[in-house]
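Asker: just to be clear, the model below is a prediction. Sequence and coordinates:
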Amino acid sequence: MKATEARFLDFLKKSPQFVIPIYQRTYSWTARECRQLWNDVLRTGSNDSVPAHFLGSIVYIEKGLSNLTTQEPMLVIDGQQRLTTLSLLLAALVKALEQHPSGQQEPLDGFSPQKLLNYYLLNPLEEGERHYKLLLSQTDKDSLISFVSGFPQPKEPSLSVTQNYALFKELINSLKGDLTDLCKGLAKLVIVDIALTRDQDNPQLIFESMNSTGRELSQADLIRNFILMGQQTQLQTRLYQHYWRPMEVDFGQEAYNTYFDAFMRHYLTVKTGEIPKQDEVYDAFKEHARSPAIAQAGVEPLVNDIRDFARHFCAMSLAAETDPELKLAFHDLRELKVDVAYPFLLELYHDYIAGILPKEDLVEAIRLVESYVFRRAVCMIPTNSMNKTFATFSKALKKDSYLESIQAHFFGLPSYRRFPTDEEFRREIQIRDLYNFRSRSYWLRRLENHGRKERVPVDEYTIEHILPQNKELSAAWKTELGSDWERVQQTWLNTLGNLTLTGYNSEYSDHTFVEKRDYPGGGFKTSPLKLNADLRQLDHWNEDTIKARADNLAGMALDVWRAPKLAEDILKTYQPSKDVETTYTIEAHPNLLSSPMRELFEMLRKEVLSLDPCVTEEYLKLYVAYKAETNFVDVVPQTKRLILYLNLPFADLNDPKSICKDVSVLGHWGNGEIELGLRSSDELPYVMGLVRQSFERQMGNGGDT
């Protein structure tokens, strides 16, 4: 490695050409980073006491410098964002100077349009791609060339390149022709010029260690570099052109930057059954790629697999699906924001493409996922266990009875993960505040269009409170509702029974129900909307009619958001076979048969079992186990205390009193790596706070959703 300090413009002038390798991310600086650089340049140029502004390092591989007449391009490892941004700024400056009267074309020595082009942007004696100082990757290359050479923009221009070039033109115009400070600032820019040699330096390690300035690399950027950087040129090119580049095209420029990290997280969840933390996707991928089976198969099958799953993700998440029925089902999931289900759905879609899962069963499975998520939201069941639910769902699949096994697994989920029953859902949807629900256009559209072949564009309508929202109702409305009108309005205003759709919201205002029903040309009586059908024949709007309509719509909702249906005899075949019943009871623990440990144990078990109905208790020979998914606390009775073992990492425990100890490397009865003692009822509230942490982590409450 050779590192030297250099003026940025001198560095550009002496260098034959910089090429951004295919394994590097595309240009990604936004207006925020460009404005920061602009401000730094102007601040430096306007202050004669500031000798220089340090940009950071530019790291590149020298491909071949032995023959000075045929210097090879330099492959940029770190610094492409700054190189590209300053090239755009220089190109915009050239354009501005060309438009000046000839006498003002060189505000500073060396800053004429021709010198800027031929020193810093072009190699004037070269032809073809060698003509350009900087060659970007495919998405960005043609757009930069068009600005440097004055060519028309390509059919699909780079968004970042074109937007930032336009920004610099605007900023230069704002200087109103006084470009001296800008030129001075550019002349003062300084970098560290770091040249690597391929035989002696490890570009991947240097790249990872030096990526600390500018716009942070995404997890997907790091993964792409990890896959491609170390390969031979021929394989590297094939992997990029056949697999990675098609993924970038499928996602599109904006979506690739926005969604690809999330996709890789879902992909790894499918492959490993574990959900990586959002900032640890790259580390999880490296571990996956280096696992014996994947490493033995080689890099190309791995990239091919990622490419297949990326296509599935685009179908689900980016509206790329072409089948009308699947396209609509995925659209509904996106409106409901069911990202946590994507690992499970990616596996289902993969099997659908492979011919293992019929399309009609895939559609039914998607609708069950949608119903599960919506019902739980309506019933106000916490969502923070759903990531784990869907991450592990595939373990329950029987692919010879695919849909049936999905339905059976939904039936068997424990209480905190339960699929709400028809009775629970019907009750809750009638009383829930659905006006302030996170996706109210979603549930209105689903109700209105259920069973319709000619779909109603719900987005063209507005939501209407039949009973108005105004706190001070008119005398007519108070009479309609009766003496208890305040309670009726407060109770039912934003609920299912009082909400509908209309195109006449402003015209209705706070009119009475009959006036809204009979409004000329647009009243409920003549409305084509299914949601208004039960309003056409009503003469009054009060608590009874609101409740009656809510009950009717709730019945419709049961058909829209269906629960799984399986015959009892089939369901029994999916229930886990019970092990031979243990012969152990409390009698196996002599220390629990008399005071004071018996009383203390009874107090503890009552608290633990009340955490959730799903908690079970099992007496074993040496300890008593309490389980949700698996053991979250085990109790070992002793003569003068109860020893508890918590099943969570010691580092994740919040224990302000420091009563716990790490026994992960010590032999002990029970599960878990945290040990603590309980000696008296006075200690129980604090101890239960620790037990609850173990339980909630198992439920998913401590997870990264």
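Answerer: Received, thanks. Numbers count the residues shown, from 1 in each chain.

Asker: assign the residue lying closest to V663 once chain neighbours are set aside to helix, strand or coil.
Answerer: Residue nearest to V663 in three dimensions, not counting chain neighbours: E675, with 4.6 Å by C-beta to C-beta, 6 or more residues apart in numbering. (C-beta placed from N, C-alpha, C; glycine too.) Here E675 is recorded as strand under DSSP: H, G, I helix; E, B strand; the rest coil.

Asker: E675 bridge partners, please.
Answerer: Here E675 shows beta-bridge partners Y645, K661, assigned using DSSP bridges.

Asker: so which residues of the stretch 551-700 of the chain form helices?
Answerer: Along the stretch 551-700 of the chain, counting by DSSP state H, counting those that start in this stretch, helices occupy 568-574, 597-609, 684-699.

Asker: pLDDT-wise, which helix or strand of this protein ranks last?
Answerer: Ranked by mean pLDDT, DSSP states H and E, the weakest helix or strand in the chain is helix 203-210, scoring a mean of 54.

Asker: immediately after it, which helix or strand?
Answerer: Counting by DSSP states H and E, the element after helix 203-210 in chain order, helix or strand, is helix 219-228.

Asker: contacts for that next one?
Answerer: 21-25, 204, 207-208, 236, 239-240, 244, 260-261, 263-265, 278-279, 281-282, 285-286, 289, 299, 302-303 (C-beta atoms under 8 Å, 6 or more residues apart in numbering).

Asker: please pick the buried ones from the residues you listed.
Answerer: Among those, those classed as buried by 16 or more other C-beta atoms under 10 Å are 21-25, 204, 207-208, 236, 239-240, 244, 260-261, 263-265, 281-282, 285, 299, 302-303.

Asker: where does the nearest residue to S405 once chain neighbours are set aside sit: helix, strand or coil?
Answerer: Leaving aside its sequence neighbours, S405 sits nearest to K398 (C-beta to C-beta, 6+ apart; 4.1 Å). Put simply, K398 is coil when judged by three-state DSSP.

Asker: hmm, K398 is touching I406, no?
Answerer: No: using C-beta atoms under 8 Å, K398 is not in contact with I406; the gap is 9.3 Å.

Asker: what about these two, which has more around it?
Answerer: Neighbours per residue, other C-beta atoms under 10 Å: of K398 and I406, the larger number sits with I406, 24 against 13.

Asker: OK, contacts around the more buried one?
Answerer: 365, 368, 393, 396-397, 564.

Asker: now do 7 Å
Answerer: Counting by C-beta atoms under 7 Å, 6 or more residues apart in numbering, I406 makes contact with 365, 368.

Asker: ok, it to A341 distance?
Answerer: As for I406, its distance to A341 is 12 Å (criterion: C-beta to C-beta, to the nearest Å).

Asker: the residue nearest to V663 and Y686: what is the separation?
Answerer: Taken as C-beta to C-beta, the span from E675 to Y686 is 15 Å.

Asker: between those two, which is the more surrounded one?
Answerer: E675 (20 against 14).

Asker: what segments of the stretch 401-550 of the chain are strands?
Answerer: Counting by DSSP state E, counting those that start in this stretch, one finds strands in the stretch 401-550 of the chain at the ranges 462-465, 499-502.

Asker: so which of those strands is the most surrounded?
Answerer: strand 499-502 (a mean of 23; mean count of other C-beta atoms under 10 Å).

Asker: next one: it to chain centre, how far?
Answerer: With C-alpha atoms, centre = their mean, to the nearest Å as the basis, strand 499-502 stands 32 Å off its chain's centre.

Asker: ok, that strand: who's next to it in the sheet?
Answerer: Applying DSSP bridges, you get strand 462-465 (antiparallel) as the partners of strand 499-502.

Asker: quick one: low-confidence ranges for this structure?
Answerer: Scanning the chain for pLDDT under 70 picks out 1, 63-71, 101-105, 198-216, 576-583, 700-705.
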